[in-house]
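Colleague: I need the structure of the sequence given here:
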Amino acid sequence: MKIRLELEDTVITATLIDSKTTRDFISLLPLTLTLEDYAGTEKISDLPKRLSTEGAPSGSDPSVGDIAYYAPWGNLAIFYRDSGYASGLVILGTIDSGIEALNVPGSVRVTIELVSEP
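Modeller: Residues are numbered from 1 along each chain as shown. Reported below is the predicted structural model:
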């Protein structure tokens, strides 16, 4: 499954894994969020509702470009720098290219949409 993230003048695509949490996230799309910087490592935003974590691992060690759901806070996280293992972090997918567009100070407004595949 592919999604597109549209920032001011940049479009980034990402590939999502197939999981219950990911399908729950896709049900919210299209979605416009303000991603706030967190710890100089990731951009985060609250989601309109909590996602299912049924069948998800108890935590993950995200890599640069990973899109994840942080269950304890109920927020979306997109990692633009490497981070360590976090309990409650569920990986949803990975940015295909262009992650550097999120490595900017402050907040970023983004619209996330599902890309229909042929």
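Colleague: How about T13: what's its closest non-neighbour residue?
Modeller: Of all residues not flanking T13 in the chain, D96 sits nearest, at 4.6 Å (CB to CB, 6 or more residues apart in numbering). (C-beta placed from N, C-alpha, C; glycine too.)
Colleague: Check whether that neighbour really touches A14, as I assumed.
Modeller: Yes - the pair D96 and A14 passes the contact test of CB atoms under 8 Å, sitting 5.9 Å apart.
Colleague: Looking at these two, which one has more neighbours?
Modeller: Per other CB atoms under 10 Å, whichever of D96 and A14 has more neighbours is A14, with 23 against 14.
Colleague: and that one, what element?
Modeller: Using DSSP states H and E, A14 sits in strand 11-16.
Colleague: Give me the contact list for the next helix or strand after that strand.
Modeller: Following strand 11-16 in sequence order, the next helix or strand is helix 20-26 (DSSP H and E). With CB atoms under 8 Å, 6 or more residues apart in numbering as the test, helix 20-26 has contacts from 1, 3, 16, 47, 51-56, 69, 76, 90, 92-93, 114.
Colleague: and helix 20-26, average pLDDT?
Modeller: When pLDDT is averaged over helix 20-26, the result is 97.
Colleague: Would you mark the buried spots in that helix?
Modeller: Neighbour-count burial for helix 20-26 flags T21, T22, D24, F25 (criterion: 16 or more other CB atoms under 10 Å).
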